[in-house]
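1. Need coordinates for the following:
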Amino acid sequence: MIHMVSKKGGIDIPIVNRAAVVLEPAEAYLEWARECPEALPDLTLNELGEEGTVYLIPETDTDSHRWLKRNFVTMFEHELDAWYRDRRAAKRHINGTIMAQTGG
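-> Residues are numbered from 1 along each chain as shown. Now for the predicted structure:
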């Protein structure tokens, strides 16, 4: 539920009283992102993390860890979608990266 907190001077500040997951990119994600067709080759972790995604955990879900396990793949796919609009190209990129890392 969104609440409004009033500051002196009449400015209302919206707040959300919910648990949330904030995704922050790691080095492996940065390396993967740099290989995307339209990525900047000198992209940094700081730049990549400037526009982080926040996922709100439903109020009815009291176990945040269980919720995260159930929704991790969906969140990961959402992050990848920021780089690729063509899911087949994204899957080829992901699979190629996995194959290169595992030697398969």
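
2. In contact with the residue nearest to residue 53 when sequence neighbours are not counted, which residues?
-> Spatial nearest neighbour of residue 53, chain neighbours left out: residue 23 (5.1 Å); criterion: CB to CB, 6 or more residues apart in numbering. Glycine gets a C-beta too; all of them are placed from N, C-alpha and C. Residues counted as contacts of residue 23 (CB atoms under 8 Å, 6 or more residues apart in numbering) are 52-55, 75, 79.

3. same thing with residue 41?
-> Residue 41 touches residue 34, counting by CB under 8 Å, 6+ apart.

4. residue boundaries of the strands in this protein?
-> 2-6, 12-16, 20-23, 53-56 (DSSP state E).

5. can you redo those as CSV with mean pLDDT and distance to residue 88?
-> Listed next are the strands of the chain as CSV, based on pLDDT from 0 to 100; distance: least, CB to CB, whole Å:
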stretch, mean pLDDT, distance to residue 88
strand 2-6, 66, 38
strand 12-16, 79, 36
strand 20-23, 86, 24
strand 53-56, 88, 23
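
6. show me the contacts for residue 72.
-> So residue 72 contacts nothing (CB under 8 Å, 6+ apart).

7. Can you give me the distance of it to residue 21?
-> Here residue 72 is placed at a distance of 9 Å from residue 21 (CB to CB, to the nearest Å).

8. Count the residues that sit near residue 48.
-> Residue neighbour count, defined by other CB atoms under 10 Å, stands at 19 for residue 48.

9. That one is in contact with residue 25, isn't it?
-> Yes. Using CB atoms under 8 Å, residue 48 is in contact with residue 25, at 4.6 Å.

10. Mind listing the shared neighbours of those two?
-> Common neighbours of residue 48 and residue 25 (CB under 8 Å, 6+ apart) are residue 33.

11. okay, and for this protein, where does confidence drop off?
-> For the chain, applying pLDDT under 70 flags the ranges 1-10, 38, 84-87, 89-104.

12. Please convert the strands of the chain to JSON lines, extending it with distance to residue 43.
-> Output for the strands of the chain, formatted as JSON lines (distance: least, CB to CB, whole Å):
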{"stretch": "strand 2-6", "distance to residue 43": "34"}
{"stretch": "strand 12-16", "distance to residue 43": "30"}
{"stretch": "strand 20-23", "distance to residue 43": "16"}
{"stretch": "strand 53-56", "distance to residue 43": "17"}
